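sequence below, structure please.
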Amino acid sequence: METGKILVVDDETVICEACRLVLSDYGFAVDTCLSGRRGLEMLMGGQYDLTLLDMKLPDLGGLEILRSIKKERPEVYVIIITGYSSVENAVQTMKLGAFDYLTKPFVDDELIIAVQRAMENKRLKEENLALRTQLSERYDFGNIIGENAGIIKIFDQIQKVAPTGSTVLLCGESGTGKELFARAIHAHSKRASRQFIAMDCSTFSSSLVESELFGHVKGAFTGAVKNKAGIFEIADHGSLFLDEVANLEMDIQSKLLRVMESREFKPVGASMVKTADVRIIAATNRDLKLMVDEGGFREDLYYRLNAFPVFIPPLRDRKDDIPRLLYHFLKLYCRQTAKRVDGFTDEALETLVNHNWPGNVRQLKNVVERLVILSDQRVLDYQSLSDFWEVKPQLPRPTVPETMKELKAIKRDWLENQFGQIEKAFLQKALAAADGNITRAARQVGMQRSNFSALMKRHGLAANSVQQQN
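Numbering: from 1, shown residues only. Here you go, the predicted structure:
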């Protein structure tokens, strides 16, 4: 059965009732109104999907009501019904935004077909809007974690370039999230409802890249058993993300330049030229200008791709964002694994923040995933990092103290922060080897039980917690 709420506005009772009976049989909720002014009030205040609106009403004309609806309630579809049909009237109502036009007397099938077409059009339009909204939200800036000044600058650049359709070149090290930024550009562009296709240029040989980009015809080469559409054809009116574009061979570079400039391409083995309107968003972790100087990349293609360059900083240059990223991924993997890990100790957090992160955000994400999977603790400490990851604390170079007070302060700090962690690990290892038995653990390491217990208390350790970890 159909669903939807319809208002019939006509000064003839028989028309109103006939429409109500016919449409109700198809599952529509139908209200009727004999007055133009009252009908407009109902449309302004009600949740109607569609109105059947008489052109000639005694108190307020249908065209005036139509203008008000399109201005105040554009989501309401309008089908004009009238006994005074003319081409001029039809054209005028369509220009004002009416969806359809029915001439009295009309039969039941004409009414049902017109209403069903209007409701289907409305449904598709709303679904498309919802999908665009979801896409925008999914790849909105809120999903790119960062408040560093460099990241904020990139957000501003994307907001300005996304609606323009210009080619964008994303530059940055591997793992900095270039594809995420590319998707954000697409999501905020006028092409957001169309295809976004990502292609890693480093995963195909030169011959396969050409076929992937431009397609091929049957018999073009061994294994080409049927025609195949290329990425450019599939992405027509959408966006194409070319990741690691520096890896393209020279012959492919020339063909890419041609399609970017003329929008024309030829599938492998084909004699006919095809056209495609595709926005290019490229990415590279290499210095394309240096490659041009060394003869490894076409200069004309470089300038074509470099129309709007965006540099994404490495993670080591935005250390202030690392805590946000750590806790973002911590929550993500806790949900995925149904585990509860509340956070990091100050020392563990400092160690992670000061790490060099050569693999950038991708590496950080993988590290947090592994820590969550392997950890049985509510809080990840330095021992967790030592056990499950090769990270080592990057300590600042110590300054030579000038007074006894400074010397004692440095010694105290070292004992608490460095030796203390070693001491804690020592206790944990001893307890694990003794299956949590404190007396046996103390005896095995050559300590009195009272001293061993005192150290455990200082570090907040309990025998049962060690047993649970094993």
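
quick check: mean pLDDT across the helix or strand hosting Ile151?
Under the criterion of DSSP states H and E, Ile151 resides in helix 149-161. The pLDDT scores in helix 149-161 average 90.

excluding its backbone neighbours, what's nearest Leu57?
Excluding its sequence neighbours, the residue lying closest to Leu57 (C-beta to C-beta, 6 or more residues apart in numbering) is Gly36, at 3.7 Å. From N, CA and C alone the C-beta is placed, and that goes for glycine too.

tell me if I'm right that that neighbour and Leu63 touch.
No: under the criterion of C-beta atoms under 8 Å, Gly36 makes no contact with Leu63, lying 10.6 Å away.

which of these two has more neighbours?
Gly36 (22 against 17; other C-beta atoms under 10 Å).

and that one, how far from Gly97?
From Gly36 across to Gly97, the span is 17 Å (C-beta to C-beta, to the nearest Å).

show me where the stretch 101-250 of the chain has its helices.
Applying DSSP state H, counting those that start in this stretch to the stretch 101-250 of the chain gives helices spanning 108-138, 149-161, 178-187, 206-214, 231-234, 250-262.

now the shortest one: buried residues?
Burial within helix 231-234, assessed by neighbour count using 16 or more other C-beta atoms under 10 Å, is assigned to 231-233.

packing partners for it?
Other helices and strands packing on helix 231-234, by 3 or more C-beta pairs under 8 Å, 6 or more residues apart in numbering; DSSP states H and E, are strand 196-200, helix 206-214.

just the fourth one next, same as before
Where contact means 3+ C-beta pairs under 8 Å, 6+ apart, helix 206-214 is packed against helix 231-234, helix 250-262.

and Gly269, what does it touch?
216-217, 219-221, 224 (C-beta atoms under 8 Å, 6 or more residues apart in numbering).

got any ranges where the stretch 351-470 of the chain has weak pLDDT?
387-399, 414-418, 463-470 (pLDDT under 70).

what are the ranges of the helices in it?
Assigned by DSSP H, counting those that start in this stretch, the stretch 351-470 of the chain shows helices spanning 360-374, 382-388, 404-414, 420-433, 438-445, 449-458, 463-469.

hmm, who's touching the first one?
What that stands for is helix 360-374. Applying C-beta under 8 Å, 6+ apart, the contact partners of helix 360-374 are 173-177, 314-315, 322, 325-326, 329-330, 333-334, 337, 339, 341, 352, 357, 359, 380, 384-385, 387-389, 391.

then the second one?
The contact list for helix 382-388 (C-beta under 8 Å, 6+ apart) reads 345, 347-348, 351-352, 370-371, 374-375, 377, 391, 393, 421, 424-425, 428.

just the buried ones among those, please.
Taking 16+ other C-beta under 10 Å as the criterion, what is buried in the contacts of helix 382-388 is 345, 347-348, 351-352, 371, 375, 391, 393, 421, 424-425, 428.

phi, psi of the residue lying closest to Ile197 once chain neighbours are set aside?
Excluding the flanking residues, the one nearest Ile197 by C-beta to C-beta, 6+ apart is Ala235, at 4.7 Å. Ala235 has phi and psi values of phi -90, psi 10 when expressed as degrees, to the nearest 10.

wait, what's in contact with Ala235?
For Ala235, the contact set (C-beta under 8 Å, 6+ apart) comprises 194-197, 276, 278.

circling back: what sits against the residue nearest to Leu57?
With C-beta under 8 Å, 6+ apart, Gly36 has these contacts: 9, 11, 54, 57-62, 64-65.

in helices, which of those fall?
62, 64-65 (DSSP state H).

from these, which is closest to Gly45?
Distance to Gly45 across the ones in helices among the contacts of Gly36 (C-beta to C-beta) is lowest for Ile65, with 13.9 Å.

surely that closest one meets Arg38?
No: using C-beta under 8 Å, Ile65 is not in contact with Arg38; the gap is 10.8 Å.

neighbour count: the two, which is higher?
Neighbour totals were compared for Ile65 and Arg38, and Ile65 leads with 23 against 13 (other C-beta under 10 Å).

out of the contacts of helix 360-374, which end up buried?
By 16+ other C-beta under 10 Å, those give 173, 175-177, 314-315, 322, 325-326, 329-330, 333, 341, 352, 357, 359, 380, 384-385, 388-389, 391 as buried.

so which of the residues you listed are in strands?
Leu380 (DSSP state E).

of all the helices and strands packed on helix 231-234, which one is nearest Arg449?
Using C-beta to C-beta, the nearest of those to Arg449 is strand 196-200, at 60.2 Å.

who touches the closest one?
With C-beta under 8 Å, 6+ apart as the criterion, strand 196-200 contacts 179, 182-183, 186, 212-213, 231, 234-235, 238-244.

now the buried members of those.
Buried, going by 16+ other C-beta under 10 Å: 179, 182-183, 186, 212-213, 231, 235, 238-244, out of the contacts of strand 196-200.

just name the closest of those residues to Leu124, please.
Leu124 lies nearest to Gly238 out of the buried ones among the contacts of strand 196-200, by C-beta to C-beta, at 18.5 Å.

still on that earlier bit, how about the helices and strands packed on helix 231-234, which one is nearest Ala454?
strand 196-200 (57.6 Å).
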